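Enquirer: Let's see this in three dimensions:
(one chain, ligands or ions: 1)
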Amino acid sequence: MSFTIYNGSPRNKKSNSAILAGEFLKGFAAASTETFELHHLASARHKNEQLEAFGKATVILFIFPLYTDSMPAIVKAFFEKLYESGYPGTKKVGYIVQSGFKESIHSVALAAYLEKFTRRLGYDYLGTVIKGGVEGIQIMPPRMTEKLFGDFYRLGLYFGTHTAFDPQLTAKMAKPYRLSKVSQWMMKLAPSFMINFYWNMNLRKHKAFNQRFDQPFKS
Ligand SMILES: Cc1cc2nc3c(=O)[nH]c(=O)nc-3n(C[C@H](O)[C@H](O)[C@H](O)COP(=O)(O)O)c2cc1C
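Expert: Residues are numbered from 1 along each chain as shown. Got it, this is the predicted structure:
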């Protein structure tokens, strides 16, 4: 097989998607002697190479973050290019969608789109792995990311042997589908500084904290 994996995060090589792809590929390399290509869709200078790589590959995975309940624009733009190019041949295509919110329900509509899109292009659909609760992993201590990284490693390990996603692991990673009633109540009761800690930290980092209530489009 000729295997290509695309990172569809606009954060490019510094993204959570790149980190998780790295763990997946460590597992893949431990199980398979096949080589692979990794492309970052945010590297605009390499658009032609990225498209050519799709044309050549027989097994393709996309990993990207959920953006406003859908996909980042660079992923959509790439899909549109694939549609126009109409690469022929037998290809197996799968997806890994990771998100900030914990519940996989947020990504279910997108997964349905990805399946339809793949079949419309005439390729075999390998499925979509959904993993929530990923934002913040870059500031977490190793013990907090150990399980997540281990799951991605094992996902790659299985993929390297079967050219498929492990169904049991995929089902486990997609939990919770919804937050339990207790968790929903706890979210409501938690002080806002705790809930907003990560976002406020980023607002301060980008010198935008004082503008956080701005409404530039309000007439
Ligand atoms: C513009 C934007 C929109 C986002 N929309 C959602 C969303 O609708 N649902 C969600 O759960 N997370 C959302 N997130 C969070 C990302 O999915 C999450 O932080 C992800 O881990 C980022 O991955 P990356 O570093 O690979 O880009 C959004 C993040 C950004 C920057």
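Enquirer: after the helix or strand of the chain at the bottom of the mean pLDDT ranking, next one along is what?
Expert: Every helix and strand of the chain was ranked by mean pLDDT, DSSP states H and E. The lowest is helix 192-195, at a mean of 84. Sequence order places helix 197-205 as the next helix or strand after helix 192-195, per DSSP states H and E.
Enquirer: Do any residues in the least confident helix or strand of the chain lie close to the ligand?
Expert: No - using C-beta under 6 Å from any ligand atom, helix 192-195 stays clear of the ligand, coming no nearer than 14.0 Å. For every residue, glycine as well, the C-beta is placed using N, CA and C.
Enquirer: Can you pull the residues of the protein lying near the ligand?
Expert: So the chain meets the ligand at 9, 11, 15-17, 65-69, 98-101, 106, 134-135 (C-beta under 6 Å from any ligand atom).
Enquirer: change it to 8 Å
Expert: Applying C-beta under 8 Å from any ligand atom, one finds that the chain approaches the ligand through 7, 9-11, 14-20, 63-70, 72, 98-101, 106-107, 132, 134-138.
Enquirer: Those residues in helices, which ones?
Expert: 16-20 (DSSP state H).
Enquirer: Mind putting the residues you listed into CSV with neighbour count and pLDDT?
Expert: Below are those laid out as CSV (neighbours: other C-beta atoms under 10 Å; pLDDT from 0 to 100):
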residue, neighbour count, pLDDT
16, 23, 98
17, 28, 98
18, 17, 98
19, 21, 98
20, 28, 98
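Enquirer: re the thing from before, what comes into contact with the least confident helix or strand of the chain?
Expert: Residues from elsewhere that reach helix 192-195 (C-beta atoms under 8 Å, 6 or more residues apart in numbering): 187, 200.
Enquirer: swap in stretch 2-9?
Expert: 13, 15-18, 21, 24-25, 28, 34-42, 50, 53-54, 56-65, 71-72, 74-75, 78.
Enquirer: which among those residues end up buried?
Expert: 15-18, 21, 24-25, 28, 36-42, 50, 53-54, 57-65, 71-72, 74-75, 78 (16 or more other C-beta atoms under 10 Å).
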